[in-house]
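# how does the following fold in three dimensions:
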Amino acid sequence: MSRKIRQRKNPKLMAFQNWIEGLALHIAIWLFRLIPVDLASYVMGKSWRLLAPFNARHKRARRHLKKALPGLSSAERDRVLGGMWENLGRVAAETFHIDRLLKQDQRFEAVADEITEEVLRGERACLFVSFHSANWELCVQPAVRQGIDITGVYQALRNPEADKALRSLRQDLYRGGLLSKSHQTARKILGTLKNGGIVAMMGDLREARGIKVPFFEQMAYATPVPASLARSCNVPIVLGRVIRKKGVHFRIETKAIHVPVTEDRQADILAATAHMHAVFENWIREYPEQWMWIHKKWAPPGKNAAGKHLRRAQSAKPAG
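Modelled structure (predicted):
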């Protein structure tokens, strides 16, 4: 029985379950914050490396890796997937310390291109687009440390209590607001960008109702939203990646791209989205163990409520 049906039949029970899950998460956050982040990250990473291969998603990740990088041997694939799970375990632990990590400059090395430097000086608006590499949420750390208010876009959790708990940890990360995906959110983002603001979102997730672009020599489903927003607001897309160097230390790199503007809007969006994924692919090839291979990036289309909102955002026009 689906969660939606159960909630319709037993709203009080579902509300109680949400409360219990939210309380458990609050306790977990409290406990993890008592442990130094380096130790928590290390233990969680090693635990995930050991246990995660028994998860059904491990087989999916192996299939994806084999198709994307067929030249790897079986042992090399094991190494990459082991590294992926360890990195994801570290990210899980670091999430509970995210507000503290933002203030620890000694953990970060940032390399910015010229356009990103202009953004960091507050001289232009931009759309930050990252992908699931290392601890991806820290990609905007240089901008946050410069005091820039960033508006973030995310997929809200089904449990509102758990969602509220995790949102509270990200207040310092997205001081311009953290918006869940919806049709209304698309218009808010357009307004923010047109008024010179900074918006951050992920760009590597599968979007079955989006567009198809080459990705590791296969056609993959991609969201057209970043390119559509950037084109509508005439702002650059700043692609960012986080590289885990050792433990809880990171290198952050950026690369700005511009969306072409011709008479063919859809062709412009397709070209920019393909360009984004070409950059992502090159970066993933450098550190394949730090990307999330469990994504259903190459899966066939399916029904997706979030995809409907993203498709609407693609066609949204700037206010005014």
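# so, low pLDDT: which residues of this structure?
Within the chain, the segments meeting pLDDT under 70 span 1-9, 156-157, 182-183, 301-320.
# if I look at the residue positioned nearest the centre of it, how far off is Ile294?
Taking CA atoms, centre = their mean as the criterion, Met202 is the residue nearest the geometric centre of the chain, at 3.8 Å. Note on Met202: its distance to Ile294, by CB to CB, to the nearest Å, is 14 Å. Heads up, the C-betas are built off the backbone N, CA and C, glycines and all.
# that older thread, bridged to the residue nearest to the centre of the chain, which residues?
Note on Met202: beta-bridge partners by DSSP bridges are Ser130.
# right, and it touches His132 too?
Yes: counting by CB atoms under 8 Å, Met202 does reach His132; the two are 7.0 Å apart.
# who's in contact with the residue nearest to the centre of the chain?
Contacts for Met202 (CB atoms under 8 Å, 6 or more residues apart in numbering) come out as 129-132, 136, 153.
# at 10 Å instead, please
128-132, 136-137, 139, 152-155, 223, 226 (CB atoms under 10 Å, 6 or more residues apart in numbering).
# shouldn't Arg145 be in contact with Leu102?
Yes: if you go by CB atoms under 10 Å, Arg145 and Leu102 touch, sitting 7.2 Å apart.
# who has more neighbours out of those two?
A side-by-side neighbour count of Arg145 and Leu102, using other CB atoms under 10 Å, places Leu102 first with 19 against 14.
# please enumerate the helices of the stretch 101-250 of the chain.
Using DSSP state H, counting those that start in this stretch, the helices of the stretch 101-250 of the chain run over 114-120, 141-145, 160-169, 183-194, 225-233.
# in the longest one, what counts as buried?
When neighbours are counted by 16 or more other CB atoms under 10 Å, the buried residues of helix 183-194 are found to be 185-190, 192-194.
# any idea how far that helix is from the chain center?
On the basis of CA atoms, centre = their mean, to the nearest Å, helix 183-194 sits 18 Å off its chain's mean C-alpha point.
# and the angle for it with helix 225-233?
Calculated by axes from the mean of the first three to the mean of the last three CA atoms, to 10 degrees, helix 183-194 forms an angle of 50 degrees with helix 225-233.
# closest one to Val37 among the helices of the stretch 101-250 of the chain?
helix 160-169 (12.6 Å; CB to CB).
# so where's the longest helix in the chain?
helix 11-34 (DSSP state H).
# helix or strand right after that helix?
Using DSSP states H and E, the helix or strand that follows helix 11-34 towards the C-terminus is helix 37-51.
# mind listing what's buried in the helix or strand just after that next one?
Moving toward the C-terminus from helix 37-51, the next helix or strand (DSSP H and E) is helix 56-68. Going by neighbour count (16+ other CB under 10 Å), the buried part of helix 56-68 is 58, 61-62, 64-65, 68.
# list just the nearest of those residues to Val80.
Closest to Val80, out of all of the buried residues of helix 56-68 and judged by CB to CB, is Leu65, at 6.1 Å.
# any idea how far Met276 is from that closest one?
In terms of CB to CB, Leu65 sits 21 Å off from Met276.
# which of the buried residues of helix 56-68 sits closest to Asp163?
Distances from Asp163 to the buried residues of helix 56-68, taken by CB to CB, are shortest for Ala61, at 26.1 Å.
# count of residues packed around the residue lying closest to the closest one once chain neighbours are set aside?
Spatial nearest neighbour of Ala61, excluding adjacent residues (CB to CB, 6 or more residues apart in numbering): Trp293 at 4.0 Å. By other CB under 10 Å, the residues close to Trp293 number 25.
# now do Ala208
Using other CB under 10 Å, Ala208 has 18 neighbouring residues.
# from Lys296, how far off is it?
Ala208 is 9 Å from Lys296, by CB to CB.
# go on, Val279?
From Val279 across to Lys296, the span is 21 Å (CB to CB).
# dump the C-alpha coordinates for stretch 215-222 into PDB.
Output in PDB follows, covering the C-alpha atoms of stretch 215-222 (Å, rounded to 0.1, in the frame of the first residue of the first chain):
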ATOM      1  CA  PHE A 215      26.600  11.300 -21.100                       C
ATOM      2  CA  PHE A 216      29.400   8.700 -21.100                       C
ATOM      3  CA  GLU A 217      28.600   7.900 -24.700                       C
ATOM      4  CA  GLN A 218      25.000   7.100 -23.900                       C
ATOM      5  CA  MET A 219      21.900   9.200 -24.100                       C
ATOM      6  CA  ALA A 220      20.800  10.200 -20.600                       C
ATOM      7  CA  TYR A 221      17.900  12.100 -19.300                       C
ATOM      8  CA  ALA A 222      18.700  15.600 -17.900                       C
END
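# ok, residues contacting it?
64-65, 67-70, 203-214, 270, 273-274, 276-278, 280-281, 284-285, 295-302, 304, 307.
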